[in-house]
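J.: what follows is a predicted protein model with its sequence.
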2 protein chains.
Amino acid sequence: MELIEILGMVAGSISAITFLPQVIKTWRTKSAADISLLMFTFATISVILWLVYGIVKKSVPIIYTNSLVLVFSVIMLYFKFRYGKSHTTATGGTVKVVLPKEQVTS
Amino acid sequence: MELIEILGMVAGSISAITFLPQVIKTWRTKSAADISLLMFTFATISVILWLVYGIVKKSVPIIYTNSLVLVFSVIMLYFKFRYGKSHTTATGGTVKVVLPKEQVTS
């Protein structure tokens, strides 16, 4: 294997797991209010196109990278729909409020 | 230009702006608590390696895609450091509390 293909494999390996820390974080916190739905929509569409590109170009790094990214992107779309709920303030800020009942006076 | 290169350009165009909705959302909400720092660290490292791969392989879609992704990744790293602060509950959940002063009794 050429040196450049090895570099491609390393780049692909890191790209492939780029979304994994986000999947783990969101799975743990059950909170996805700050996350952009559009980001993972774009990600899902683009990796499908990259898969086709990689298959035609016979580029192993592109194929295996985008296969994994597709899995994590779809999981994040699911998490966004499941955990993306939040209250929005008048100024458009995202606010999640958790207080003991005795502290709530109104 | 071959059809497959056009597909690559389309894939690259969507990939290139994948992080843009997240940049806009975080810039508007000033809230990045739910976002994984490691995700954008991985993204930054991998796109630099992909840039080298694209340059050696003379793949225009890979070069221009990763140049743009690099810009948005670095912006998100900055936003994460600037807006990533949050309070953490005993159970590890992420909580952001914003209340009018008169509602806070303790």
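T.: Perfect, thanks for sending it. As the structure is a prediction and not an experimental result, all values here were calculated from the model.
J.: show me which helix runs longest in chain A.
T.: Counting residues, the longest helix found in chain A (DSSP state H) is helix A:60-83.
J.: just checking, what packs against that one?
T.: helix A:3-16, helix A:20-29, helix A:37-56 (3 or more Cβ pairs under 8 Å, 6 or more residues apart in numbering or on different chains; DSSP states H and E). The way it works is simple: take the backbone N, C-alpha and C, and place the C-beta from them, glycine included.
J.: out of those helices, which is the most enclosed?
T.: helix A:37-56 (a mean of 20; mean count of other Cβ atoms under 10 Å in any protein chain shown).
J.: quick one: buried residues of stretch A:61-80?
T.: A:61-66, A:68-70, A:72-73, A:75-77, A:79-80 (16 or more other Cβ atoms under 10 Å in any protein chain shown).
J.: which one among those gets closest to chain B?
T.: Chain B lies nearest to A:Pro61 out of the buried residues of stretch A:61-80, by Cβ to the nearest Cβ, at 7.5 Å.
J.: that closest one against A:Glu2, yeah?
T.: No. Here A:Pro61 does not reach A:Glu2: they are 11.7 Å apart, not a contact under Cβ atoms under 8 Å.
J.: if I look at A:Lys85, how far off is A:Ser31?
T.: A:Lys85 sits 9 Å away from A:Ser31, taking Cβ to Cβ, to the nearest Å as the criterion.
J.: if I look at A:Leu20, how far off is A:Thr29?
T.: 15 Å.
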